[in-house]
Every structure is written in C-alpha cells, then in structure tokens.
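Chemist: Fold the following, please.
(one chain, ligands or ions: 1)
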Amino acid sequence: MLTANKLGKKYKNRWALEPLELELERGMHGLLGPNGAGKSTLMRLLAGLLVPTTGDATLHGSSVRSGSGVRRQIGYVPQTFQLFPQLTARQWLLHVAHLKRIGTRQEREAETARLLRAVHLEAKADLPARTYSNGMIKRLGIAQALVGSPQIVIVDEPAAGLDPEERVRLRNVLAELAYSSVVLFSTHVLSDVDMSCNNVIVLGGGKLRYKGQLAGLAEYAAGKLWEWEASEHEWRAIAAEQLLTARRTKDGIRCRMIADHPPNPYAQAVIPTMEDGYLTLISQLTSGAHR
Ligand SMILES: Nc1ncnc2c1ncn2[C@@H]1O[C@H](COP(=O)(O)OP(=O)(O)OP(=O)(O)O)[C@@H](O)[C@H]1O
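Modeler: As a prediction, this is how the structure comes out:
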C-alpha cells in the first residue's frame, strides 16, 4: 500500500500542496483538479522525485526516498516523455532494463518482449521511435516505467493530446496493470476517470478536496442540478459560464445548470453524474464557498 502521511510541498511561502493524508490500494485511482491544483506535485512526491516540505510517502512502511530498492517498486511516467528518436521501442526498453540492472541479457530481452506485448507495441517494436504516433510514444513511456514490474505506476496526464482511439487503448493498458498494481493517473478528461476508476482524488488550489469512491463525487451536485427548455432569448440572457451545457432541440435550447435554487419556475431537478459533482465542487472553490 502507498501511503501519504502529512505529505506537503511549499515553494517559498506558498503551498503547492498542503499537507494531506492518502492511502492507495491496488486498483485504478484517478487524480483530478484544475490547472495548478497540485496534481504533478503530488505525483512527484509519491514517486520520490521531490523532497517534501512536510511528512512523507511510504510504500509498505518504507519511505519512497529511502533508496533504490523502494524506488524500483515505483514506475513514474511524466507528462512529456523524452526518448531518442533513432532508437526502436525494443532498443529503448533494453537500454532502460540495463539501467535498472535487470539480470542477464536474456532476462532483459524477455522483460522487453513482455512489456511490448503489455502495451501493444509488438508490431512496431523494431521501427525507430521517430515514426511513432503520440499515443505510441505514451505507451512506450508507460512500458519503460514498467521495467522490473513496479508495484506502483504513476502516470501524469496519459490522455493529453491523444485521439479518442488511442485514449481508449491507453486506458485499457492502465486498467490491465491495475489488476496487480496501484495505478494513479492525472487527467483533465473526466470521462477517462468515469470509465476506468473506482476511486478518485480531487485537488484544488493545493488542497485535497475529495478522496473516495467515484459515485460519491456526484453527491456534490445532488439537489443543485437543473434542466429546462429555454427560448433563444432566455438563453442569450444567461452568462455562458453559468451553464454546464446548452443543447439545441426542436423546442428550444435545453439548458443544464448548477445552482442552489431552481433558476426559474420551469427548471427541473435532474440526477447528477460524477462530472456534474466534480464541476460543482470546483465551482465552489472558485466562488470561495469551499476554501
Ligand atoms: N518548482 C516550482 N517552483 C515554484 N512553484 C511551483 C513549482 N512547481 C510547481 N509550482 C506551483 O505549484 C502549484 C501546483 O503546481 P502543479 O504543477 O503541481 O499543478 P497541476 O495540478 O499539476 O497543474 P496542471 O494541471 O496545469 O499540470 C502551481 O501554483 C505551480 O505554479
């Protein structure tokens, strides 16, 4: 189990991440939060790549910064992943396996073949990386983090810049890993969390705002989500940022809005999704209600 105990990071006088407590068990954990919320800071602290200002992160009781034994149990994939464009995926993974001191050449070759299969890169394994799509490069980034079978896999924004097909492929790769490892990934794509995670962590303004089951996030919007059919005139009178969605229908414009009270007599309360709950929580932060 990966545990954060009063884990926090300050730059000068400002908390990038206020001290928080977390316990991550095997499975998929989504990390959400607006830009600057502290997601990368948290992930780098958990991966042992940043020195915390307070507290520590531990894996089965040992600090993630206590040495190479623990470090080898944590695979980290940064937002942008640099590789040598002339190397093939196979050459790159063999090189990483060598750096991670994986046994004999034969063992390194077997590990490389296993990982190429795991991230579905076998067909392109012997082509230079400069010929790869963004999605393939991300999958290679994940494969290199998996060399040596770490128990913890931390991925910073795996979905960024990928087309929907590659996103699904990558999500499935992570979901397969989560059968046997702790997988933590950050994203701005709520549907990726909705489709693959049971557990979610929400950061906002450097603070932990929510941790728990995905279903619990929807509760933030319970009784606050309204829908109604507006005329074009009414719709134009509502500030765009107040609406979650506005969809043209044959009778007008179907508006969806978060508000403490019905915005008009025709608005009906609707059952919120996890995305509605997340947006409600974040809108409370920006309005100051949850500071
Ligand atoms: N090296 C640093 N020096 C000073 N401030 C930093 C440093 N790294 C991060 N910060 C600040 O800490 C806060 C959290 O940054 P972080 O990168 O963790 O956010 P994030 O949630 O990952 O954002 P994004 O979604 O934009 O990637 C931000 O206000 C950022 O400016």
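
Chemist: shaky segments in the stretch 151-291 of the chain?
Modeler: Judged by pLDDT under 70, the stretch 151-291 of the chain has its weakly predicted residues at 287-291.

Chemist: Please enumerate the strands of it.
Modeler: 152-155, 182-186, 199-204, 207-213, 225-230, 243-249, 252-258, 268-269 (DSSP state E, counting those that start in this stretch).

Chemist: neighbouring strands for the last one, and are they parallel or not?
Modeler: Based on DSSP bridges, the strands next to strand 268-269 in the sheet, each with its direction, are strand 225-230 (antiparallel).

Chemist: From the rest of the structure, what touches the partner strand?
Modeler: 238, 244, 246, 249, 251-259, 262-264, 266-272, 276, 280 (C-beta atoms under 8 Å, 6 or more residues apart in numbering). C-betas here are computed from N, CA, C, even on glycine.

Chemist: What's the local residue count around residue 226?
Modeler: 20 (other C-beta atoms under 10 Å).

Chemist: The residue lying closest to it once chain neighbours are set aside: neighbour count?
Modeler: Counting by C-beta to C-beta, 6 or more residues apart in numbering, residue 226 lies nearest to residue 267, which is 3.9 Å off, once chain neighbours are set aside. Residues lying near residue 267 (other C-beta under 10 Å) number 19.

Chemist: From residue 261, how far off is residue 267?
Modeler: From residue 267 over to residue 261 the distance is 9 Å, taken as C-beta to C-beta, to the nearest Å.

Chemist: before we move on, what about residue 272?
Modeler: Taking C-beta to C-beta, one finds residue 272 at 16 Å from residue 261.

Chemist: Equivalent analysis for residue 223, please.
Modeler: The spacing between residue 223 and residue 261, counted by C-beta to C-beta, is 10 Å.

Chemist: follow-up on the earlier one: and the strands of the stretch 151-291 of the chain as CSV, adding distance to residue 45?
Modeler: What follows is the strands of the stretch 151-291 of the chain, written out as CSV (distance: least, C-beta to C-beta, whole Å):
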stretch, distance to residue 45
strand 152-155, 10
strand 182-186, 12
strand 199-204, 12
strand 207-213, 13
strand 225-230, 35
strand 243-249, 33
strand 252-258, 32
strand 268-269, 40
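
Chemist: would you list those in CSV and tack on distance to the ligand?
Modeler: Output for the strands of the stretch 151-291 of the chain, formatted as CSV (distance: least, C-beta to the nearest ligand atom, whole Å):
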stretch, distance to the ligand
strand 152-155, 12
strand 182-186, 7
strand 199-204, 6
strand 207-213, 11
strand 225-230, 25
strand 243-249, 21
strand 252-258, 22
strand 268-269, 32
